[in-house]
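>>> Just a sequence and a predicted model for now, questions to come.
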Amino acid sequence: MEKIITDRLVLRSFSLADAKGLLGYLSNPRVNCFRGEKITTHEEAISEAKKKSEDDSHIAVLLNDDENLIGELFYFYEEPDTYSIGWNFNEQYEGRGYAGESAKALFQYLFNEKRARRLYAYVEDDNYRSQKLCEKLGMRKEGCFLEFISFIKDENGIPKYENTFQYALLKKEWEKQQI
């Protein structure tokens with residue numbers, strides 16, 4: 001991916017130098033959907049950074065003044081012109097608008113460079129921060145999938161199914177917001 005620079009951030013492909021930052025937020029995933037990516041050692045962080053560096057669908061988000069990794073964006077293509085999108089940020093950087101600023105840049109990239117017609121995101125019903133971000137970005141809540149998917153198990157080993165909202169945004173809706 002070509003580097004994208006916003007007022008305060010740099011969005012670029014991952015590199016091995018991002019291992020420390022990855023460990024910062026993947027050592028303690030706060031949202032169940034990221035539990036499978038949990039890492040606990042610097043070696044695991046290097047391996048994860050290498051894996052993400054080979055996949056253009058994962059985008060590193062860094063502060064532009066010190067090149068410090070604060071989170072990531074990701075997108076997955078679905079035929080013919082739809083993308084599933086998401087994000088994961090270090091909680092130390094919450095409340096400063098970085099997720100919104102980087103997501104707006106991603107939306108611009110997907111709509112203009114990748115010719116997306118539609119973007120959508122799945123958000124667990126207890127992930128209030130991501131729900132609020134989707135709404136700030138102008139995404140519509142299209143529905144709630146009851147007991148949609150399981151990322152964790154309870155104390156008895158039984159899968160705990162998540163109620164999951166789907167948010168979406170069409171390119172024409174995005175363009176109207178930009179006026």
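Received, thanks.

>>> So which residues of the chain form helices?
Here the chain has its helices, by DSSP state H, at 19-26, 42-53, 98-108, 128-136, 171-177.

>>> closest one to Arg115 among those helices?
Comparison of those against Arg115 by C-beta to C-beta identifies helix 171-177 as nearest, at 8.7 Å. All C-beta spots, glycine's among them, are computed from the backbone N, C-alpha and C.

>>> Minimum distance to Glu2: which of the helices of the chain has it?
Judging the helices of the chain by C-beta to C-beta, what sits closest to Glu2 is helix 98-108, at 11.7 Å.

>>> For that closest one, give me every contacting residue.
With contact meaning C-beta atoms under 8 Å, 6 or more residues apart in numbering, helix 98-108 is reached by 4, 6-9, 11, 59, 61, 63, 70-71, 73, 75, 85, 87, 89, 119, 129, 133, 136-137, 169, 174.

>>> just stretch 10-21 next, same as before
1, 3-5, 42, 45-46, 48-50, 52-53, 55-56, 58-64, 67-70, 72-73, 90, 102, 105-106.

>>> Endpoint to endpoint, it covers what distance?
Start-to-end span of stretch 10-21 (C-alpha to C-alpha, to the nearest Å) is 14 Å.

>>> Check which helices and strands the lowest-mean-pLDDT helix or strand in the chain is in contact with.
The least trusted helix or strand in the chain, going by mean pLDDT, DSSP states H and E, turns out to be strand 140-153, with a mean of 92. Applying 3 or more C-beta pairs under 8 Å, 6 or more residues apart in numbering; DSSP states H and E, one finds that strand 140-153 contacts helix 128-136, strand 159-170.

>>> May I ask you to confirm that Leu119 is in contact with Cys134?
No - between Leu119 and Cys134 there is no contact under C-beta atoms under 8 Å: 10.1 Å.

>>> what residue is smack in the middle of this protein?
Residue closest to the average C-alpha location in the chain (C-alpha atoms, centre = their mean): Trp87, at 1.2 Å.

>>> nearest spatial neighbour of that one, skipping sequence neighbours?
Leu73 (5.1 Å; C-beta to C-beta, 6 or more residues apart in numbering).

>>> and what of His58?
Lys52 (4.3 Å).

>>> just Tyr25 next, same as before
In space, Tyr25 is closest to Asn90, 4.0 Å off (C-beta to C-beta, 6+ apart).

>>> swap in Leu170?
Spatially, and ignoring its direct neighbours in sequence, Leu170 is nearest to Arg118 (5.4 Å; C-beta to C-beta, 6+ apart).

>>> Tell me how many other residues surround that neighbour.
For Arg118, the neighbour count with other C-beta atoms under 10 Å is 18.
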